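Enquirer: let me see the structure of the following:
(chains A and B)
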Amino acid sequence: MTKNEFIWNRKHLIGLRELSREEIEYILDTAKGFESISTRSIKKAPTLRGKVVVNLFFEDSTRTRNSFTLAANRLSADVIEFTEKVSSTRKGETLLDTAKNLEAMGIDIVVIRHSAGGAPKFLSRNINACVVNAGDGYCEHPTQALLDTYTIRKIKGSLEGLKIAIVGDIAHSRVARSDIYAMTKLGAKVILVGPPTLMPAQVNQLPVQVSYSLDAVIGEVDVINMLRIQFERMGANPFPSIKEYSHYFGLTVERMKKAKKDILVMHPGPINRGVEIESEVADGKNSVILEQVTNGLAVRMAVLFLVNQAAMIKD
Amino acid sequence: MEVLLSSDKIADCITALVDEIVSQTSRTDKIAIIGIRSRGEVLAKRLADLLSKKLGTKLPCGTLDITLYRDDINNPQGQTQHLVRSTEIGFDIDDTIVILVDDVLYTGRSTRAAMDALMDLGRPKAIRLAVLVERTGRELPITSDFAGYKIDLPAEKTIQVNFVESDGKDRVILT
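Expert: Residues are numbered from 1 along each chain as shown, chains lettered A, B, ... in the order given. Next up is the predicted model:
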């Protein structure tokens, strides 16, 4: 038990754009203390006993939803699973009404994923419970970027001075956006790599370099984060064929030969094997894809703990 | 500020603690020392070193972070927050006699949290509590097994334990 001078006072985690370096590092430092819960004999602590967490997911998810559920369970909170497909949203209920009704049951934390950017922010302004963003539109996915930076920091010690490539469908990726904010604030150089059609509009306003050639940057980066092509979010085809995309932007065994020996290969999941990454690379010795999932649990426990703690102090 | 224990006095207290623990331990007991962060951690390391020398066998020593088990997490007292740090216990506590170490025993609430945290790590044969300073004011039915120094103090007084390892010098002060 250590008293500290820094006070965490955010009862919502909406995005990393608004967080300072100090705040991001505080979350990562806190997460370290939660790692051991998952490895010991009784994988539970009483910290959030009597608290209720709602998983309010309006989009599909495997990793993030299960990770938040398990994180809440390990801290002894009760969890309500809300799935849009079997809810009254189908009967015309608005997001705010759904949230207000859940709040009337006495919930403490809402974990929300929504296809509309800004939905978590909107919710945080209109309800009393803590709001944690689990992905909104093309905006942010803060806990993914936190677990990404946690994983890099754990292995490399620090992000200061590292070169990190984020490759693929940047335009449709909220992971990329949160990663850019977190990684650059922690001192890394971020290079976005992909075809021009998959770069976001006004990419020049982001604190990043842009490259249209993976071969040009593969040799100089310390970390490479491969993104999935989000076909479900696309209208017209952004490239001629999947085969052509893989040829230029896929992480193949051949391409890995040009990479640094200790390069970290990351992927937020779900993986499309053979499209953005070859199986041998995804399962290879440089891959930390499953470590990312493990670390996600500690990071999400820390986030739930911190927002609750901030809510307690304000009351 | 008033100095309650000087560095010499602290050394005497620690020696007395070690002698008392040795006198109440049998050669066949499996013993482990676990300190509560953060001053308990320092004291635990010192006790473990001295006890290991006396008993002629290296005793395992670990550190317990009790933040997640505190009873004021959801009812914070004042404007302080506790930083979560890791518990570092690299050995199995099943069937061992755990000497739980803290700098000060006061309300007993930290000890309660520490016992719950230990129980989630395994099933020790027994938990014994060793503290440098024991003051009056218990709020829970908890008592120490080994105490270096006992004092009766009014509630408005605060005890602060400083160690060379964490604060640059050994001393116990009253404020």
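
Enquirer: list phi and psi for residue 95.
Expert: Picking chain A for this. Per-residue torsions, A:Leu95: phi -60, psi -50 (degrees, to the nearest 10).

Enquirer: please refer instead to chain B.
Expert: Per degrees, to the nearest 10, the backbone of B:Asp95 is at phi 60, psi 10.

Enquirer: so for it, what's the nearest residue that isn't a sequence neighbour?
Expert: Nearest residue to B:Asp95, sequence neighbours excluded (CB to CB, 6 or more residues apart in numbering or on different chains): B:Lys125, at 5.0 Å. For the C-beta atoms, the positions are set from N, CA and C on the backbone; glycine is no exception.

Enquirer: burial measure for the one you found, as a count.
Expert: Around B:Lys125 there are 13 other residues, counting by other CB atoms under 10 Å in any protein chain shown.

Enquirer: show me the contacts for it.
Expert: Contact partners of B:Lys125, counting by CB atoms under 8 Å, 6 or more residues apart in numbering or on different chains, are B:Lys30, B:Asp95, B:Thr96, B:Ile97.

Enquirer: likewise A:Phe82?
Expert: Counting by CB under 8 Å, 6+ apart, A:Phe82 has contacts A:Val54, A:Asn55, A:Leu56, A:Phe57, A:Thr98, A:Leu102.

Enquirer: which of the helices or strands spans the fifth one?
Expert: For A:Thr98, the element it lies in under DSSP states H and E is helix A:95-104.

Enquirer: so for that helix, what's the average pLDDT?
Expert: Throughout helix A:95-104, pLDDT has a mean value of 89.

Enquirer: helices and strands around it, which ones?
Expert: strand A:52-57, strand A:78-83, strand A:109-114, helix A:119-126 (3 or more CB pairs under 8 Å, 6 or more residues apart in numbering or on different chains; DSSP states H and E).

Enquirer: among the contacts of A:Phe82, name the buried ones.
Expert: Buried subset of the contacts of A:Phe82 (neighbour count, 16 or more other CB atoms under 10 Å in any protein chain shown): A:Val54, A:Asn55, A:Leu56, A:Phe57, A:Thr98, A:Leu102.

Enquirer: and of the residues you listed, the nearest to A:Ile224?
Expert: A:Phe57 (28.9 Å; CB to CB).

Enquirer: just to revisit the earlier point, so which of the contacts of B:Lys125 is the most crowded?
Expert: Counting by other CB under 10 Å, top hit in the contacts of B:Lys125: B:Thr96 with 21 neighbours.

Enquirer: mind listing what's buried in the helix or strand harbouring A:Glu291?
Expert: Secondary structure assigned from DSSP H and E places A:Glu291 in helix A:289-314. Neighbour-count burial for helix A:289-314 flags A:289, A:291-293, A:295-312 (criterion: 16+ other CB under 10 Å).

Enquirer: please apply the same query to stretch A:14-21.
Expert: Buried residues in stretch A:14-21 (16+ other CB under 10 Å): A:Ile14, A:Gly15, A:Leu16, A:Leu19.

Enquirer: same question for stretch B:120-131.
Expert: Neighbour-count burial for stretch B:120-131 flags B:Asp120, B:Leu121, B:Gly122, B:Pro124, B:Ile127, B:Arg128, B:Leu129, B:Ala130, B:Val131 (criterion: 16+ other CB under 10 Å).

Enquirer: same deal with stretch B:151-170?
Expert: Buried residues in stretch B:151-170 (16+ other CB under 10 Å): B:Ile151, B:Ile159, B:Val161, B:Asn162, B:Phe163, B:Asp170.

Enquirer: I'd say A:Asn9 and A:Met312 touch.
Expert: No. Assessed by CB atoms under 8 Å, A:Asn9 is found out of contact with A:Met312, at 10.8 Å.
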